[in-house]
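Trainee: got a sequence here, can you model it:
(one chain, ligands or ions: 2)
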Amino acid sequence: MNSASASGNPQSDPPHAGTHWWPAPHVSTGVDAIVSVPASKSLTNRYLILAALASSPSTIHNTLISRDTELMLGALASFGTGIKRIEQADGSTTVQVHPAAELATGPLGIECGLAGTVMRFVPPLAAVARATVAFDGDPHARLRPMAPVLDALQALGATIDFAGDPGKLPFTMDASGLESVDQVVIDASSSSQFISALLLAGHALPGGLALRAADGPIASPDHIMMTVQTLLELGVDITVDEDGRGWRIAPGELAGFTVTVEPDLSNAGPFLAAALASNGSVGIRFWPASTTQVGGKWVQILSQMGAEVHHGDDGVLRVRGTGVIRGIDYADASELAPTLAALCALASSPSNLTGIGHLRGHETDRLAALENELAKVGANVVATGDSLAITPGPLQAADLHSYEDHRMATAGALLGLAIEGVRVENIATTAKTMPQFPQLWADMVSTAKAAG
Ligand SMILES: O=C(O)C1=C[C@@H](OP(=O)(O)O)[C@@H](O)[C@H](O)C1
Ligand SMILES: C=C(OP(=O)(O)O)C(=O)O
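Mentor: Ligands and ions are numbered 1, 2, ... in the order given. You can find the predicted model right below:
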């Protein structure tokens, strides 16, 4: 992974010794491309955890291979899970997961990188294993919220020793004294992953799991629905309270399964948005007929912003620019927000993105990062506690920082497509979820006809 900028914190401009500046390709005519994006990070890491906790082997076709999933594969291997990779003729990877007869009890060391799905989803697995595990990650990972899921595991009998700030990485968890409790209540306002993490391990916890979200907002609710739907599809006995804020999972075995991971529809976003930004056309292959991914919302979002969107019988979702990019008022964009905000800076009218305060705890403080970087290309951006108001202005070239955040990097690429002379810091940071990004982007750009 890139190591050039030591901090992902937009509050203090990071040191840039050795920073690589990627000249973002610019087009003056529309792109006309059909793109195959890699598999979903969120689905891959859910299936991997569940496969490790299953009672028999599983086969996961079209597994995403990226930094976040390599970290998950590494973590599972540390617990004794057997992992076999099979490279397929079409370039995809199938992973066969052989659950450990007994999960390792350690002491183990787990590297989380900057992956929320690893730092949040693996501690409950360690609890199921009754293991002693030291967790750590990238410098910015030490700033990401962790306390609610760790408080829940402590309520279930684990003890946790924090080496730095309380409630943050790095810490060592000893789950040898795990026990069942009637109900766990957690604050999910700073990340949905706390809820998902407990749900994914719920069937294997002693007595199962009864979980409630504490009063207050629930971050990224679509990702919790993805978790619930995944569990239901795999046969886990889960019920959701009528108000949608409580979950019950019966203890029991989960049988091994065979699945094919959908393309990552969030990562499809910058490509689809490129159709509007260049006034061209972009298709994404294998777009699912229905999905639990938040990226499924691109269809409505981009239509509302002015695109023509068509899902063909060939499975390709095609987005065509119509020469207009309208601003949008949109709530709960979750991980779509960086791409969406970049597109809003290219629009002809203002936008307001709300319900995204928890993005301050993502790979970087994304509200601050977007405020900084969009202002550089000419937009007037006002970040509140949980929203971004974006008023487009005359566009200008700039060097855009990526803060070690894959989605800030792809948002920068989108801006560069429309604005000549943009450079993006460390485009390789896209390897977190899409190592192929620079090549896929170049291939898409090459379809634009030469101007004049
Ligand atoms: O469960 C998941 O796979 C994710 C949940 C969301 O996290 P937050 O709830 O922290 O936003 C999302 O932003 C992240 O990219 C992936
Ligand atoms: C917030 C994100 O990732 P993570 O899974 O690390 O939380 C993201 O991919 O936008």
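Trainee: which residues of this protein lie near ligand 2?
Mentor: Proximity of the chain to ligand 2, by CB under 6 Å from any ligand atom, involves residues 115, 116, 117, 335, 362, 363, 407, 433. Heads up, the C-betas are built off the backbone N, CA and C, glycines and all.
Trainee: so which pair among those residues is furthest apart in space?
Mentor: Farthest-apart pair in those is 117 and 407; separation 14.5 Å (CB to CB).
Trainee: more crowded one of those two?
Mentor: A count of neighbours by other CB atoms under 10 Å puts residue 407 above the other of residue 117 and residue 407, at 32 against 25.
Trainee: which non-adjacent residue is nearest the more buried one?
Mentor: Distance criterion CB to CB, 6 or more residues apart in numbering; nearest residue to residue 407, sequence neighbours excluded, is residue 338 at 4.0 Å.
Trainee: pretty sure residue 338 is in a strand, no?
Mentor: No: read with DSSP: H, G, I helix; E, B strand; the rest coil, residue 338 is helix and lies in no strand.
Trainee: show me where pLDDT drops low in the protein?
Mentor: Within the chain, the segments meeting pLDDT under 70 span 1-18, 451-452.
Trainee: how about a cut-off of 80?
Mentor: For the chain, the stretches flagged by pLDDT under 80 are 1-18, 450-452.
Trainee: all helices for it, in order.
Mentor: Per DSSP state H, the chain carries helices over the ranges 41-52, 67-78, 116-129, 147-155, 193-201, 221-233, 265-277, 298-304, 337-345, 366-376, 406-418, 437-445.
Trainee: save those as CSV, and put in distance to ligand 1 too.
Mentor: Putting those into CSV (distance: least, CB to the nearest ligand atom, whole Å) gives the following:
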stretch, distance to ligand 1
helix 41-52, 3
helix 67-78, 9
helix 116-129, 5
helix 147-155, 11
helix 193-201, 5
helix 221-233, 4
helix 265-277, 7
helix 298-304, 15
helix 337-345, 9
helix 366-376, 10
helix 406-418, 8
helix 437-445, 16
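Trainee: make a markdown table out of those helices and add distance to residue 141.
Mentor: A markdown table is the format used below for the helices of the chain (distance: least, CB to CB, whole Å):
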| stretch | distance to residue 141 |
| --- | --- |
| helix 41-52 | 15 |
| helix 67-78 | 10 |
| helix 116-129 | 6 |
| helix 147-155 | 14 |
| helix 193-201 | 13 |
| helix 221-233 | 19 |
| helix 265-277 | 20 |
| helix 298-304 | 28 |
| helix 337-345 | 18 |
| helix 366-376 | 15 |
| helix 406-418 | 14 |
| helix 437-445 | 21 |
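Trainee: of these, which is nearest residue 258?
Mentor: The nearest among those, by CB to CB, is helix 41-52 at 10.1 Å.
Trainee: quick one, domains of this protein?
Mentor: 21-38+263-445, 41-260 (automatic domain parsing).
Trainee: deepest-packed of those, please.
Mentor: domain 21-38+263-445 (a mean of 21; mean count of other CB atoms under 10 Å).
Trainee: quote the end-to-end distance of it.
Mentor: The straight-line separation of the ends of domain 21-38+263-445 (CA to CA, to the nearest Å) is 18 Å.
Trainee: over to stretch 208-225?
Mentor: Note: stretch 208-225 ends 19 Å apart using CA to CA.
Trainee: what sits opposite residue 162 in the beta ladder?
Mentor: Taking DSSP bridges as the rule, residue 162 bridges to residue 171.
Trainee: pretty sure it contacts residue 147?
Mentor: No: using CB atoms under 8 Å as the test, residue 162 is too far from residue 147 to be in contact (9.8 Å).
Trainee: shared neighbours, those two?
Mentor: residue 168 (CB atoms under 8 Å, 6 or more residues apart in numbering).
Trainee: which one of the residues of the chain next to ligand 2 is nearest ligand 2?
Mentor: residue 116 (2.4 Å; CB to the nearest ligand atom).
Trainee: which residues does the closest one contact?
Mentor: Applying CB under 8 Å, 6+ apart to residue 116 gives the contacts 144, 191, 193, 362.
Trainee: wait, what's in contact with the residue nearest to the second one when sequence neighbours are not counted?
Mentor: Using CB to CB, 6+ apart and skipping residues adjacent in sequence, the residue nearest residue 191 is residue 219, 5.3 Å away. With CB under 8 Å, 6+ apart as the criterion, the residues that contact residue 219 are 188, 189, 190, 191, 192, 334, 358.
Trainee: among these, which one lies nearest to residue 345?
Mentor: So of the contacts of residue 219, ranked by how close each gets to residue 345 (CB to CB), first place is residue 334, at 19.0 Å.
Trainee: related to what we said a few turns ago, the residue nearest to residue 407 contacts residue 406, doesn't it?
Mentor: No: the criterion here is CB under 8 Å, and residue 338 misses it with residue 406 at 9.0 Å.
Trainee: wait, isn't residue 102 in contact with residue 81?
Mentor: No: applying CB under 8 Å, one finds residue 102 not in contact with residue 81, separated by 11.2 Å.
Trainee: ok so, going back, and the two most separated of the contacts of residue 116?
Mentor: Farthest pair in the contacts of residue 116 (CB to CB) is 193 and 362. Separation: 10.7 Å.
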